[in-house]
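*Asks:* Predicted model and sequence follow; I will ask about them next.
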Amino acid sequence: MMIYKLYVGICSCWCFSILAQDTNNLGNKTAMRAFDSEISIGKSGLWVPKVASSNTVSGSVYLFDNWIGLYTVVGKNHNTTQILNLNYNLQTKNLESSVGKDSIFQYDLGEIDLVKEGQTVYKVVRNEQVNGLFVELYAGSRFQIYKEMQLGIKKGAFDRLTQAKVDDDRYVQVPVYYVVQAGVFQREKMSKKLILKLVQDKKEAVSKYASQYDLSYTNDADLSRILIYYSSL
């Protein structure tokens, strides 16, 4: 317990700088395991070496712009903790903490229910239909809406005359939306027609509300606001 308190205290001030010291990798791993043991979400996690970035594709395979932030993690056992160093690998679908210059700790998603960053909730969904970390846009009793960021590659431009490549290929994040009804995940494109069909029982009131406040059915923040209103009716 003392190790955990010391670890969290130092991390809060130095943003995990203690773990970046290459001269004491074994001590770093011991501290990380003690931390995981306290929060009960990483007991069956895995230490792996960092993989060098591709020389042919620029950009990042990670969901968040950087590793430092305030994340609240809720385990399947309902234990909650805050982590200051976290990211999600869109390529491998692993939730990870960066430890030093050469190590990554991969958490066992089977032990995690959700991750919160500010007002955004990322739900861990693992079944025969889908697998990964999904933004929870709406969690109603009749239906749910999730957004998954998938990894794509935007091809670099070519010079038409020389046929030489003038830009690198680049990783891009592609949003994919799912509507869930009775446990079935259906990939959908967000639209006014789709949403009004989902809220058929209160369609007129929802449509009037969206028009009154000039809300878009294809904007995540506006859509959440529309559906919160729907739930309040």
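*Replies:* Okay, I see it.
*Asks:* Going by C-alpha atoms from here, please, whenever you check contacts or count neighbours.
*Replies:* Fine.
*Asks:* Now the residue of the chain most remote from its centre. Its backbone dihedrals?
*Replies:* Largest separation from the mean C-alpha position in the chain: Leu161, at 41.8 Å (CA atoms, centre = their mean). With angles defined as degrees, to the nearest 10, Leu161 sits at phi -80, psi -50.
*Asks:* Quick one: low-confidence residue ranges for this structure.
*Replies:* For the chain, the stretches flagged by pLDDT under 70 are 1-55.
*Asks:* do that again at 90, thanks
*Replies:* 1-57, 98-105, 154-169 (pLDDT under 90).
*Asks:* Domains of it: list them as residue ranges, please.
*Replies:* 2-55+63-134+182-188, 189-233 (automatic domain parsing).
*Asks:* just to confirm, which helix or strand has Trp71 in it?
*Replies:* In this structure residue 71 is Tyr, not Trp. strand 68-75 (DSSP states H and E).
*Asks:* so who does Phe158 touch?
*Replies:* 164-167 (CA atoms under 8 Å, 6 or more residues apart in numbering).
*Asks:* Next: Tyr178.
*Replies:* 145-148, 185-188.
*Asks:* Save those as a markdown table, and put in secondary structure and distance to Ser60 too.
*Replies:* As requested, the contacts of Tyr178 are exported to a markdown table (DSSP: H, G, I helix; E, B strand; the rest coil; distance: CA to CA, whole Å):
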| residue | secondary structure | distance to Ser60 |
| --- | --- | --- |
| Ile145 | strand | 26 |
| Tyr146 | strand | 23 |
| Lys147 | strand | 19 |
| Glu148 | strand | 16 |
| Phe185 | strand | 28 |
| Gln186 | strand | 28 |
| Arg187 | strand | 25 |
| Glu188 | strand | 26 |
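*Asks:* No further questions, thank you.
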